[in-house]
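Novice: Below: sequence and its predicted model.
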Amino acid sequence: MRRLAGGLVVWCAMSIVGLRAQAQDLARPTVEEIAAGMMTKNAERQAALGGYTSQRTYRVDYKGTGGEHHAEIVVRAEYLGAGQKRLTVVSESGSKVICERVLRRMVESEQEAAEKANRMQTMLVPQNYDMELEGEEMVDGVRAWVLRVQPKVENKFTYRGQVWVSEDDYAVVRVLGEPAKSPSWWISKAGFDWRYARHGEFWLPEKSVAASHVRIGGDAKLTIEYGAYSVVARDAKPATTSVAQK
């Protein structure tokens with residue numbers, strides 16, 4: 001009898017655990033539903049965002065052949081609405097070669113990526129990416145779904161890796177991955193970590209860290225600090241916020 005009772009207790013406990021797991025699976029949306037929610041909410045935020053300005057700092061630290069080299073440029077970023085972005089170099093310091101051949105080209109590439117055709121091509125939507133729901137995690141204090149993404153077309157603007165999507169408002173909180181296509185023959189391996197922060201109803205870039213290995217020997221680290229934002233919603237007055245706010 002004791003063995004029977006013990007077995008029943010174990011069976012009941014396992015059943016409860018199984019039912020809870022089933023309930024969680026039923027409550028969790030499918031990857032298609034998450035993607036649809038992202039598209040809807042992003043369109044709403046895009047329509048509500050009048051524009052913003054911020055002052056970014058791009059910094060490169062390189063160690064390898066020829067020793068250590070550092071460079072930094074400060075860029076004024078202006079989002080003008082309707083997907084239009086204007087980036088203006090304010091100052092630069094350190095290695096002139098890195099400033100000219102790396103940092104300034106990055107700014108030009110980002111300006112190019114902001115153009116409508118490229119923006120539509122690289123948006124995180126089912127037409128552009130294959131997506132798989134891996135689970136749920138807390139990231140930067142936000143409960144998020146974790147997606148594994150793979151581009152359907154590989155180019156210099158697309159990427160593969162993991163994307164964390166806020167369960168609260170379907171916004172991208174973090175992207176951890178690598179470029180789908182190497183930006184240069186000189187780079188043999190590259191990876192990045194993009195973080196976003198909430199500013200009122202909007203989510204904007206907070207910090208970006210990218211690391212790459214150069215074929216001729218050496219490692220480079222690129223860090224972008226996005227500074228404070230002055231955000232303007234449509235039909236609203238400007239409000240300055242710090243990236244530290246969530």
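Specialist: The structure has been received and is ready for your questions.

Novice: Please, which helix or strand holds Q127?
Specialist: For Q127, there is no host helix or strand (DSSP states H and E).

Novice: any idea what sits nearest it, other than its immediate chain neighbours?
Specialist: K152 (7.7 Å; CB to CB, 6 or more residues apart in numbering). Yep, even glycine has a C-beta here, placed from its N, CA and C like the rest.

Novice: okay but the one you found is in contact with P126, surely?
Specialist: No. If you go by CB atoms under 8 Å, K152 and P126 don't touch, sitting 9.0 Å apart.

Novice: Tell me where this protein has helices.
Specialist: 2-27, 31-48, 96-98, 104-113, 116-122 (DSSP state H).

Novice: what about the shortest one, distance to the chain center?
Specialist: Centroid separation between helix 96-98 and its chain, computed with CA atoms, centre = their mean, to the nearest Å, is 27 Å.

Novice: and the gap between Q46 and A171?
Specialist: From Q46 across to A171, the span is 12 Å (CB to CB, to the nearest Å).

Novice: who does S208 bridge with?
Specialist: W194, I224 (DSSP bridges).

Novice: Identify the residues contacting it.
Specialist: Counting by CB atoms under 8 Å, 6 or more residues apart in numbering, S208 touches 192-195, 222-224, 226.

Novice: re the thing from before, can you count the residues close to the residue nearest to Q127?
Specialist: When counting by other CB atoms under 10 Å, one arrives at 11 neighbours for K152.

Novice: okay, it: pLDDT?
Specialist: Per-residue pLDDT puts K152 at 93.

Novice: can you check V107 too?
Specialist: Note for V107: predicted pLDDT of 87.

Novice: The one 5 residues further on now?
Specialist: Confidence at E112, expressed as pLDDT, is 75.

Novice: Which residues does E72 form beta bridges with?
Specialist: Counting by DSSP bridges, the residues bridging with E72 are R59, S93.

Novice: Distance of it relative to K85?
Specialist: For E72, the distance to K85 - CB to CB - is 21 Å.

Novice: So for Q46 and A171, which residue has more residues nearby?
Specialist: Shown here are Q46 and A171; by other CB under 10 Å, A171 has more neighbours (22 against 12).

Novice: do you know how far that one is from H70?
Specialist: Separation of A171 from H70 (CB to CB) stands at 34 Å.

Novice: One more: K207?
Specialist: Plainly put, K207 is 18 Å away from H70 if you go by CB to CB.

Novice: what's the answer for K41, then?
Specialist: Using CB to CB, K41 is found at 39 Å from H70.

Novice: do V165 as well
Specialist: V165 sits 35 Å away from H70, going by CB to CB.

Novice: Between these two, point out the one with more neighbours.
Specialist: Set V165 next to H70 and count neighbours by other CB under 10 Å: V165 wins out with 26 against 13.

Novice: ok, and the closest non-adjacent residue to that one?
Specialist: V165 sits nearest to W145 (CB to CB, 6+ apart), 4.8 Å away.
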